[in-house]
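Engineer: The sequence isn't on hand, but the structure is:
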C-alpha cells in the first residue's frame, strides 16, 4: 500500500499555502511539523477531498497494483480514509455511543461490525465509562478522544490526524500516542501536531513544513544528528539570563537542584561560554533550530 503525493500546490488569493508538496507514504506513522500557517491542515484537507488543490495529484496503490488517481477512485478511496480534523464537528445532543453508531452508518459499516468495534474503541480512548453522556456535556479532552475514535472506526487503512492530542493531559497524551502506535503497523498514519514529543519516538519520518515548502523529510534520528555539537547546557547567573537570551537561542531554563544554579539550554553553532557543555540533541531542539522565532508566534 502506498500513497503518492506529487506536486501539490494550493493558494488562497495571493497567499501560497502549499508549494509543490511531494512525498511517498507507506504503512507507518509520518509526522507533519511546522508553525501555524505552514500548510499542514491545508494538505490534510486536500488528501481527504475536503479541498481541491490548484496543482498536483495524489495516487493510491494497493499491494502490487498500478497507482490510481484518488480523485477518480471517489468513494472507493474515501472508504479507506479515517479523518480527525483539528476542529471536529460533533453533535452536542448525541450521546457518545449514538454518535459512533451514526458515524458507523455513514461509513457503511455492517451493524454487527459496529457493535463489536464501538465498545473496543471507547475502551481504547478511555470513554467506556461515559457511553450515554451527551457530547455537549463532555470536556474538551473527552471530545478530542471521541473525534479520534470516529476516525479509527471502520478500521481505515489511511488515518489523517490533525492535532490528535490537543487539549489532553500528559497521561491521556501518552495513552493516545501508544494507541496510535499500536494500530499503525498496517496503516498509513499522517499526524500534524505542535507537540513534538508526541511523534519523536513513534514516527518513521518527520516532514517539516515552512510556509508551504518541505524543508526536511527524514527519520527523527537523522534529523537530530544534524545538530550534534550545537546544543549546549550553559550555567548562568540569574542576572545574566536576559543577556544570554538576547545573544543566543535559549530553548529552556532550569535550575540545578543541588547547586541552585540556573542552567540554560542553548542552540548555537559555536560554544556560547567557557563553562558550556554539549548536550544530546532532541527532535524539539531541531524543530527550534529550523523554525527559530517563528515558533513563538505559532
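Structural biologist: Looks like it came in fine. All values derive from a computational prediction rather than experimental measurement.
Engineer: what's in contact with the worst-scoring helix or strand of the chain on mean pLDDT?
Structural biologist: Every helix and strand of the chain was ranked by mean pLDDT, DSSP states H and E. The lowest is helix 170-183, at a mean of 88. With contacts defined as Cβ atoms under 8 Å, 6 or more residues apart in numbering, helix 170-183 is touched by 29, 124-126, 141, 145, 148, 152, 159, 161, 164-165, 168, 189, 191, 195, 198, 202. Yep, even glycine has a C-beta here, placed from its N, CA and C like the rest.
Engineer: now do stretch 186-201
Structural biologist: Residues lying outside stretch 186-201 but in contact with it, judged by Cβ under 8 Å, 6+ apart, are 1, 3, 25-33, 40-41, 43-44, 47, 86, 156-166, 173, 177, 180, 183, 203, 206, 220, 282-284, 287, 298.
Engineer: need the strands for this structure, in chain order.
Structural biologist: With DSSP state E as the definition, the chain shows strands at residue ranges 2-12, 15-25, 28-33, 55-61, 68-69, 81-84, 158-162, 188-192, 205-210, 213-218, 231-236, 249-255, 262-267, 277-278.
Engineer: Given the last one, what are its sheet partners and their directions?
Structural biologist: Here the strand partners of strand 277-278, with direction, are listed using DSSP bridges: strand 231-236 (antiparallel).
Engineer: Same check on the fourth one?
Structural biologist: Within its sheet, and counting by DSSP bridges, strand 55-61 is paired with strand 2-12 (antiparallel), strand 68-69 (antiparallel).
Engineer: Check those for me and report the most buried one.
Structural biologist: Of all the strands paired with strand 55-61, strand 2-12 has the most neighbours on average by mean count of other Cβ atoms under 10 Å, namely a mean of 17.
Engineer: Can you check what angle separates it from strand 15-25?
Structural biologist: 180 degrees (axes from the mean of the first three to the mean of the last three Cα atoms, to 10 degrees).
Engineer: now strand 2-12: mean pLDDT?
Structural biologist: Taken as a whole, strand 2-12 carries a mean pLDDT of 97.
Engineer: For it, give me every contacting residue.
Structural biologist: Counting by Cβ under 8 Å, 6+ apart, strand 2-12 makes contact with 16-26, 39, 42-43, 46-47, 51, 53-61, 67, 158, 188, 212, all of which sit outside it.
Engineer: still on that earlier bit, could you give the separation of the least confident helix or strand of the chain from the chain centroid?
Structural biologist: 12 Å (Cα atoms, centre = their mean, to the nearest Å).
Engineer: Turn the strands paired with strand 55-61 into a markdown table, columns for distance to residue 112.
Structural biologist: Shown next, in a markdown table, are the strands paired with strand 55-61 (distance: least, Cβ to Cβ, whole Å):
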| stretch | distance to residue 112 |
| --- | --- |
| strand 2-12 | 30 |
| strand 68-69 | 31 |
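Engineer: Of all the ones you listed, which one is nearest residue 236?
Structural biologist: Judged by Cβ to Cβ, the one of the strands paired with strand 55-61 that comes nearest to residue 236 is strand 2-12, at 43.7 Å.
Engineer: picking that back up, only the buried members of the contacts of strand 2-12: can you turn that into a ChimeraX selection?
Structural biologist: Selection of the buried residues among the contacts of strand 2-12 in ChimeraX, burial being defined by 16 or more other Cβ atoms under 10 Å:
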select :16,17,18,19,21,23,25,39,42,43,46,47,53,56,58,59,60,158,188,212
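Engineer: So for residue 134, which of the strands paired with strand 55-61 sits nearest?
Structural biologist: With Cβ to Cβ as the measure, strand 2-12 is the member of the strands paired with strand 55-61 nearest residue 134 (36.0 Å).
Engineer: Low-confidence stretches in the protein?
Structural biologist: Low-confidence segments of the chain, defined by pLDDT under 70, span residues 293-298.
Engineer: Select only the buried ones of the contacts of stretch 186-201 in PyMOL?
Structural biologist: To isolate in PyMOL the members of the contacts of stretch 186-201 that are buried, counting by 16+ other Cβ under 10 Å, one can use:
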select buried, resi 1+3+25+27+29+30+31+32+33+40+41+43+44+47+156+157+158+159+160+161+162+163+164+165+166+173+177+180+203+206+220+282+283+284+287
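Engineer: Mark which of the contacts of helix 170-183 are part of helices, please.
Structural biologist: With helices defined by DSSP state H, the entries of those inside them are 124, 141, 145, 148, 152.
Engineer: mind putting those in JSON lines, neighbour count included?
Structural biologist: Listed next are these as JSON lines, based on neighbours: other Cβ atoms under 10 Å:
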{"residue": "124", "neighbour count": "19"}
{"residue": "141", "neighbour count": "17"}
{"residue": "145", "neighbour count": "26"}
{"residue": "148", "neighbour count": "25"}
{"residue": "152", "neighbour count": "21"}
